[in-house]
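*Asks:* Provide a 3D model corresponding to the input given below.
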Amino acid sequence: MGQINFKPAVLRPPIRVGILGAGGISTAHAQTLKGLADVELVAVADADPLKARRLAERFAIKEVYSSLAEMLGQSLPDVVHILLPPEMHARFAIECMVGGAHVLVEKPLCVSLAECRELESTSAQFHRTVGVNHNVTFDPAFLSVVDAIRDRRLGAIQHVSVGWNIPFGGNTFTAPLHRLKGPGAVVLETGVHPLSMIVRLLGEVKSASVLTSSTGDAHRGNRNANQDTWQMSLVCERGTAQCFIGLDRGFTDTRISVIGEDGSALADLRLGCGAVVENTRRSALFFKFGDAMEMAWSFANSASRGFLDRLRRIPAGCATDDNAPLMRASIGNFYQALLTGTEPTASMAEGLAVVRSCLRVIEAAETAEIATAKSGTKTFEPLEVESWQTPATASS
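*Replies:* Model (predicted):
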């Protein structure tokens, strides 16, 4: 991932902030901003005045506007949070930079290669800092894996595997982005989360092999069904990776596994737990017991820290909101970068690398679909045959 080619600005507190877009995610942003020192949330703009006023009333935001141009011209914010649908991110981020503001953009940073190039050139031309809210990369369980890698406990990283099985995401298929990008909207909307972790660990995706299917209609051979299941094999700058995405599932399972030359690490993001197993020197008799106990201790230790953190959040009324700490860490990191004149961790360079990785995955899926269509591969109704498994053996 490239670096910005200018010295980042140092902003003096209080940093004046405006929010563009008063939809669902704006509540989390406003709540986080209100809790940050050296930051003042001064304005909100939305094409729907009612939504803007509701957000302003809830968080005591003094200025309300119906357009970005009005907010930039009258409120003069130092920073604008771009909280619009993905296909609008680049256009309004560029308008903000030209209008004098740094920007923090909700994921994904943009949705096309042309937008990537335009964002990069505008940031360089006007010397604006751009951050992207890759909040999952601030998850403590994921960061425990990052720490293990930095401490060289795993050796050189060889492979990363991420599973992203979630009970939501079906609204992607009715969103404007789906009309623009087709099934690839799944990758740009949801795939950004697991791919941002992969890019952080292994660098940008350089090539991909992708299989997509539908849980509801795949067994009937319906190619027009919503592709809610994505299986990816990836070659990245510094290793290989696998990624599974499943939408609208009955159970949340979000975890990442890392294999290195000298050990492996596992992080369960749903449970907030992580464990590292290093290349053991224990005897053949005891290594299984020793490694298992080491993993159990790691999980128990991280689970205890997570529970204590929840207890500490009770007075703020967000004890069970596990997304709140991630938002605070991600957004807080961006403002710390602005105050110190450094590049944010989830920088524009990373955001662009993640978008390019998403687009390579989408291109691979489209190529596979075209190849299948050209080959004339037939799909068949399932044969009515009795399973070789009895109920007892299937569950044993």
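*Asks:* which strands or helices does the biggest helix by length in the chain pack on?
*Replies:* Counting residues, the longest helix found in the chain (DSSP state H) is helix 348-375. When contacts are defined as 3 or more C-beta pairs under 8 Å, 6 or more residues apart in numbering; DSSP states H and E, helix 348-375 packs onto helix 113-126, strand 130-133, helix 192-202, strand 205-213, strand 229-236. Placement of C-beta: from N, CA and C, glycine included.
*Asks:* highest mean neighbour count out of the ones you listed?
*Replies:* Burial of these is given as mean neighbour count (mean count of other C-beta atoms under 10 Å); strand 130-133 ranks first at a mean of 28.
*Asks:* contacting residues for the nearest residue to Ser357 once chain neighbours are set aside?
*Replies:* If the residues on either side of it in the chain are set aside, Ser357 comes closest to Val205, at 3.6 Å by C-beta to C-beta, 6 or more residues apart in numbering. Val205 makes contacts with 195, 198-199, 234-236, 241, 356-357, 360-361, as judged by C-beta atoms under 8 Å, 6 or more residues apart in numbering.
*Asks:* likewise for Thr172?
*Replies:* Residues in contact with Thr172, defined by C-beta under 8 Å, 6+ apart, are 178, 185-186, 189-190, 247.
*Asks:* would you map the strands across this structure?
*Replies:* Along the chain, the segments classed as strands by DSSP state E run 15-20, 39-45, 63-65, 79-82, 102-106, 130-133, 157-165, 205-213, 229-236, 239-246, 253-260, 263-268, 273-278.
*Asks:* going by mean pLDDT, which of those strands comes out lowest?
*Replies:* Between the strands of the chain, the lowest average pLDDT goes to strand 273-278, which shows a mean of 88.
*Asks:* what does that strand contact?
*Replies:* Strand 273-278 has contacts (C-beta under 8 Å, 6+ apart) with 141-142, 144-145, 148, 153-154, 262-268, 291, 294-295, 298-299, 302-303, 306.
*Asks:* now that strand - C-alpha only, CSV.
*Replies:* This file holds the C-alpha atoms of strand 273-278, laid out as CSV (Å, rounded to 0.1, in the frame of the first residue of the first chain):
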residue,chain,number,x,y,z
CYS,A,273,-11.4,-14.0,22.3
GLY,A,274,-8.1,-14.9,20.8
ALA,A,275,-5.3,-17.5,21.2
VAL,A,276,-1.8,-18.1,19.9
VAL,A,277,0.0,-21.4,19.6
GLU,A,278,3.7,-21.3,19.0
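*Asks:* buried ones in that strand?
*Replies:* 273-278 (16 or more other C-beta atoms under 10 Å).
*Asks:* farthest-apart pair in these, please.
*Replies:* Within these, two members stand farthest from each other by C-beta to C-beta: Cys273 and Glu278, at 17.6 Å.
*Asks:* contacts only, for Lys7.
*Replies:* Counting by C-beta under 8 Å, 6+ apart, Lys7 makes contact with Gly341.
*Asks:* what distance do you get for it to Phe142?
*Replies:* With distances taken as C-beta to C-beta, to the nearest Å, Lys7 is found 30 Å from Phe142.
*Asks:* could the contacts of Thr172 be laid out in CSV, adding pLDDT, distance to Tyr335 and neighbour count?
*Replies:* Formatted as CSV, the contacts of Thr172 follow (pLDDT from 0 to 100; distance: C-beta to C-beta, whole Å; neighbours: other C-beta atoms under 10 Å):
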residue, pLDDT, distance to Tyr335, neighbour count
His178, 93, 33, 18
Ala185, 95, 30, 23
Val186, 96, 31, 27
Glu189, 95, 26, 23
Thr190, 96, 27, 21
Leu247, 95, 32, 23
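*Asks:* can you tell me which of those residues are in helices?
*Replies:* Using DSSP H, the contacts of Thr172 in helices are 178, 185-186.
*Asks:* the closest residue to Asp48 other than its chain neighbours: neighbour count?
*Replies:* Leaving aside its sequence neighbours, Asp48 sits nearest to Ala22 (C-beta to C-beta, 6+ apart; 7.0 Å). Using other C-beta atoms under 10 Å, Ala22 is surrounded by 25 other residues.
*Asks:* ditto for the one 3 residues further on
*Replies:* The local packing count at Ile25 equals 17, with neighbours defined by other C-beta under 10 Å.
*Asks:* give me the buried positions along the longest helix of the chain.
*Replies:* 348-362, 364-365, 369.
*Asks:* ok, stretch 325-343 next?
*Replies:* 325-335, 337-339, 343.
*Asks:* likewise for stretch 252-270?
*Replies:* Buried residues in stretch 252-270 (16+ other C-beta under 10 Å): 253-260, 263-269.
*Asks:* what do you get for stretch 74-83?
*Replies:* Applying a neighbour-count criterion of 16+ other C-beta under 10 Å, one finds 75, 77-83 buried in stretch 74-83.
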